[in-house]
Structure formats: C-alpha cells, structure tokens
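Engineer: return atomic coordinates for the entry below.
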Amino acid sequence: MMKKLVIAGALLTLAGCVQVDNYNDVVKAPAPAGLEGYWQSKGPQSEMMSPDAIASLIVTKNGDTLDCRQWQRVIATPGKLMQRDAQTYNVTSGLDIYPIERSGNTLQYDRMTLVRVDRLTTECEQAWKKATAARTAAQTATPSGH
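Structural biologist: Predicted structure coming up:
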C-alpha cells in the first residue's frame, strides 16, 4: 500500500499538479507585467452553465484576485496569485488552483477564454468592494508585530 502511495505521489509531481492544503500558507506573488486589471468572458463558454453566464477575474498589482462568476446568482471567491516555476496560478480561498496563461489582452483561465475589459459588471464590482473591505478589516485586526 505504501509503495502505491509513493508511486501515485511521484506521478502527480511529474504531471505538474499543484496542491495547496492551507490558503494562509500560500505566498502571494505580485502580478506579472500585463496581468493586472479586469478580465471577463466574451460570448458563450463551454465551461459555463449557460450562454448567458459571465466569468470575471480581477487581478491587482500586488497579487490579490477575485474570481467572480454570475448567471442566476453571483459567486465571488477571493484569492491570490502564486508563482510556481515559470507558471502563474490563481489560488482561491476555497483552495481551487487555476493556471493563468496570458497572450496580449486574452487569458486562458479555468478552461475559459477571458478578455481584458475596462469595467466590471455591477454585480462583480459590488462583490469586489465587499471582498476588499473584508480583507482590509482582517489586516487591521491582525497584529503586525509577529
């Protein structure tokens, strides 16, 4: 049994899988050049529940993110960028890990294609403000003299 676990672990490592067990242990990386901004799905995406669904990704310069998906309701999950080798990932607070590939003003993210946009949808903008306020409150509640 132990031998099977070791082999399975080696295969996962070789396959390039990334695993995170504790969100707080993830070292946040600043956004690589050109990644900061608002990104949104354009047109129907096979990975979304409906052709009317919209996926958005917000990336700040210092590496904070918000994965915002909306259709009949809004699901917004804060996260942070992580660098592993030459690959950039978005790690959500729910421990979902998505590689990010940028080519100009287009992103490949969670099997979807997102394009750079100037503005968020109203719903995702509200979710971003709420997530930012929660993050600020958590930072001020944490003593800085560790």
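Engineer: which parts of the chain are helices?
Structural biologist: Secondary structure of the chain by DSSP state H: the helices cover 2-14, 122-141.
Engineer: hmm, G34 is touching I100, no?
Structural biologist: No: the criterion here is CB atoms under 8 Å, and G34 misses it with I100 at 11.2 Å. For every residue, glycine as well, the C-beta is placed using N, CA and C.
Engineer: out of the two, which sits in the busier spot?
Structural biologist: Legend: neighbour count by other CB atoms under 10 Å for G34 and I100, higher for I100 (22 against 11).
Engineer: the more buried one touches R84, doesn't it?
Structural biologist: No: using CB under 8 Å, I100 is not in contact with R84; the gap is 11.5 Å.
Engineer: pull the number of nearby residues for R73.
Structural biologist: 7.
Engineer: can you flag the weakest of the helices of the chain by average pLDDT?
Structural biologist: Lowest mean pLDDT within the helices of the chain: helix 2-14, a mean of 41.
Engineer: pLDDT weak spots in the chain?
Structural biologist: The model of the chain has pLDDT under 70 over residues 1-17, 43-49, 142-146.
Engineer: identify the residue nearest the geometric centre of it.
Structural biologist: For the chain, the residue nearest the mean C-alpha position is N90 (3.3 Å; CA atoms, centre = their mean).
Engineer: pull the residues that contact the longest strand along the chain.
Structural biologist: Ordering each strand of the chain by length in residues (DSSP state E) puts strand 74-84 first. By CB atoms under 8 Å, 6 or more residues apart in numbering, the list of residues contacting strand 74-84 from outside reads 18, 20, 26-31, 35, 59, 63-69, 88-94, 96-97, 100, 123-124, 127-128, 130-131, 134-135.
Engineer: which ones among the residues you listed are found in strands?
Structural biologist: If you go by DSSP E, the contacts of strand 74-84 have 59, 64-69, 88-92, 97, 100 in strands.
Engineer: looking at those, which is nearest S50?
Structural biologist: Nearest to S50 among the ones in strands among the contacts of strand 74-84: R69, at 10.9 Å, using CB to CB.
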